[in-house]
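In: Just need the structure, nothing else, for what follows:
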Amino acid sequence: MATLRASSLAISSSSSSGCSLKRAITASIQLPKPTKLSLADQSAAVTKKLVEELRTRNGYAFAEPLQMDVSQKDGVLELRLSPNSSVKTMNKLYTILEAVEDRVEMHDNIGEQRDNWNKLLLNSVNMMTLTATATTAVAATVPALSLRVCSALLFTAATGMSLIMSKIQPSQLAEEKRNASRLFKQLRSKIKSMLVLQSLTDSDVKEVMEKVLALDRAYPLPLLGAMLEKFPAKFEPAAWWPRVASNCRQSGGQKTIMNTERNGWSEDLEVEMRAIVQVLKSKDKQDYLRLGNLALILNKMLAVSAPLLTGIATASSAFGGSTAMMVAAIAGALAAIISSFEHGGQVGMVVEMYRNCAGFFELMENTIEATLEEGDYSKRENGEMFEMKVAMKLGRSMSQLRDLARKSMASCIEGTEIDEFGSKLF
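Out: As a prediction, this is how the structure comes out:
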């Protein structure tokens, strides 16, 4: 009987230990059930990685149109486009970006071509003029019909080519293409920034297209029928931005301020910007207009003098006689000197440089004035960012810009002229 009890106890103990062992084994191999949150996080991470790969296409990063939101509804992940943008608007801006890229390439190529024109035409005109001058000098001592004919033909060709160069001003054409390429590159960078940082709208597309067309009007590609006037009656700054209608600007200044926040603007900052505009108008812009007028007058004199002297040399060499030959030789030598100074010194390029610099300061004036006329602060660019942009464009630090504004205000109060220019770059 005792034996049976002992065996039953052993069996019961062994069975209980076996159950506990089974439970231990079961507990040891049982894995935690994946939570709903961890699965969603993993799927969202994978989806976002795919979206990041889609965001880089053709070397450009997509903006809001492809910044998709990941949400879970009944265990299914959904992707939604940003409500502030559309794929259609993005495609329009990419189309404009491709056109801007093409214009940059065209202006670069044509600018290089017209710079070569200046060098080749200048060398050709000077070689013909100097050869004809030497031939005329020899014909004055050794009378020969062939020498007079050769010198007359060379002077005639030099006169024609000098007239063409004076008319089209190849150095000025090359400078126009350089400026156009630089401005189109700036616009290209701005479009890329808009694609990355902004929610695109149809008004953004319209604004960019107007800027492209304004640049096309300011710097035309063809020569015949569209070339800019090289000798205008009045020297005026270049304008490569779309003109804002006066009624639109006035209506913008009369808007009711609905937002109480000033978006980084203060009364002191507005006064500072108006003082900067006054400096740019009275000093920088006026100085470049004055220099541009002087360069334009000089270029007109040189453009008329070189063909006139070669024409005199042509007529003198055709008549013959020692005195006529001497006049032809002197006129030819002077024509070569003037042509070298005009086109070798690239006086036309200097005129275009002054015109572009004056346009730069006029654009800054218009931008600052249009910003200050906007009554709704929420539609202005952030005040601190705007101040920093103005300082960088003028080659100044923020403290230097504020010092300049204080000097301008002090000169207005005292009735004196400020002795400092706004820009430190040029």
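
In: and residue 132, how many neighbours does it have?
Out: By other Cβ atoms under 10 Å, the residues close to residue 132 number 28. For glycine as for every other residue, the C-beta is placed from the backbone atoms N, C-alpha and C.

In: can you check residue 308 too?
Out: Other residues near residue 308 number 17, with proximity taken as other Cβ under 10 Å.

In: do the one 5 residues further on as well
Out: For residue 313, the neighbour count with other Cβ under 10 Å is 32.

In: What of residue 134?
Out: Residue 134: 15 surrounding residues under other Cβ under 10 Å.

In: Quick check: which helices or strands does the strand or helix carrying residue 118 pack against?
Out: If you go by DSSP states H and E, residue 118 is part of helix 87-141. With contacts defined as 3 or more Cβ pairs under 8 Å, 6 or more residues apart in numbering; DSSP states H and E, the secondary structure elements packing on helix 87-141 are helix 145-168, helix 170-197, helix 202-218, helix 286-319, helix 322-339.

In: Among those, which comes closest to residue 424?
Out: For these, proximity to residue 424 was assessed by Cβ to Cβ; helix 286-319 is nearest, at 13.6 Å.

In: And that closest one, what does it pack against?
Out: Using 3+ Cβ pairs under 8 Å, 6+ apart as the contact definition, the elements that helix 286-319 packs against are helix 87-141, helix 145-168, helix 322-339, helix 347-373.

In: and that helix, which residues are buried?
Out: The neighbour-count check on helix 286-319 (16 or more other Cβ atoms under 10 Å) flags 287-289, 291-292, 295-296, 298-299, 302-303, 305-318 as buried.

In: same question, stretch 235-246
Out: Judged by neighbour count (16+ other Cβ under 10 Å), stretch 235-246 contains these buried residues: 235, 237, 238, 239, 240, 241.

In: How much space separates the nearest residue to residue 103 once chain neighbours are set aside from residue 174?
Out: Beyond its immediate neighbours in the sequence, the residue positioned closest to residue 103 (Cβ to Cβ, 6 or more residues apart in numbering) is residue 184, lying 5.1 Å away. Here the criterion is Cβ to Cβ, to the nearest Å. By it, residue 184 lies 16 Å from residue 174.

In: Residue ranges of each domain in the chain, please.
Out: 39-83, 88-226+265-414 (automatic domain parsing).

In: quick revisit: mind checking the pLDDT average for the helix holding residue 118?
Out: Averaged over helix 87-141, pLDDT sits at 92.

In: just to revisit the earlier point, got the helices and strands packed on helix 87-141 as JSON lines, with mean pLDDT and distance to residue 275 columns?
Out: Formatted as JSON lines, the entries for those read as follows, by pLDDT from 0 to 100; distance: least, Cβ to Cβ, whole Å:
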{"stretch": "helix 145-168", "mean pLDDT": "91", "distance to residue 275": "43"}
{"stretch": "helix 170-197", "mean pLDDT": "93", "distance to residue 275": "27"}
{"stretch": "helix 202-218", "mean pLDDT": "93", "distance to residue 275": "28"}
{"stretch": "helix 286-319", "mean pLDDT": "93", "distance to residue 275": "16"}
{"stretch": "helix 322-339", "mean pLDDT": "91", "distance to residue 275": "45"}
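
In: Tell me which of the ones you listed sits nearest to residue 115.
Out: Distance to residue 115, taken as Cβ to Cβ, is lowest for helix 170-197 among the helices and strands packed on helix 87-141, at 4.1 Å.

In: That closest one - contacts with which helices or strands?
Out: For helix 170-197, the packing partners by 3+ Cβ pairs under 8 Å, 6+ apart come out as strand 60-61, helix 87-141, helix 202-218, helix 347-373.

In: between the last one and helix 170-197, how many degrees?
Out: In this case it means helix 347-373. Put simply, helix 347-373 runs at 30 degrees to helix 170-197, going by axes from the mean of the first three to the mean of the last three Cα atoms, to 10 degrees.

In: quick one: buried residues of helix 347-373?
Out: For helix 347-373, the neighbour count (16+ other Cβ under 10 Å) marks 347-368, 371-373 as buried.

In: for that helix, packing partners?
Out: Using 3+ Cβ pairs under 8 Å, 6+ apart as the contact criterion, the elements in contact with helix 347-373 are helix 170-197, helix 246-253, helix 267-279, helix 286-319, helix 383-393.

In: and residue 381, what does it touch?
Out: Shown here is residue 381, whose contacts under the criterion Cβ atoms under 8 Å, 6 or more residues apart in numbering are 371, 389.

In: mind checking pLDDT for it?
Out: In this model, residue 381 carries a pLDDT of 89.

In: I'd assumed it was in a helix, is it?
Out: No: assessed by DSSP: H, G, I helix; E, B strand; the rest coil, residue 381 does not belong to a helix; its assignment is coil.

In: ok, now how distant is it from residue 93?
Out: Distance of residue 381 to residue 93, computed by Cβ to Cβ: 20 Å.

In: what's the answer for residue 277, then?
Out: Using Cβ to Cβ, which is the criterion applied here, residue 277 is 32 Å from residue 93.

In: ok, now residue 183?
Out: With the distance defined as Cβ to Cβ, residue 183 ends up 18 Å from residue 93.

In: just residue 160 next, same as before
Out: The spacing between residue 160 and residue 93, counted by Cβ to Cβ, is 48 Å.

In: Likewise for residue 136?
Out: Computed with Cβ to Cβ, the distance linking residue 136 and residue 93 is 63 Å.

In: Between the two, point out the one with more neighbours.
Out: Per other Cβ under 10 Å, whichever of residue 136 and residue 93 has more neighbours is residue 136, with 29 against 22.

In: mind listing what the more buried one touches?
Out: Going by Cβ under 8 Å, 6+ apart, residue 136 touches 147, 148, 151, 313, 316, 317, 325, 328, 329, 332.
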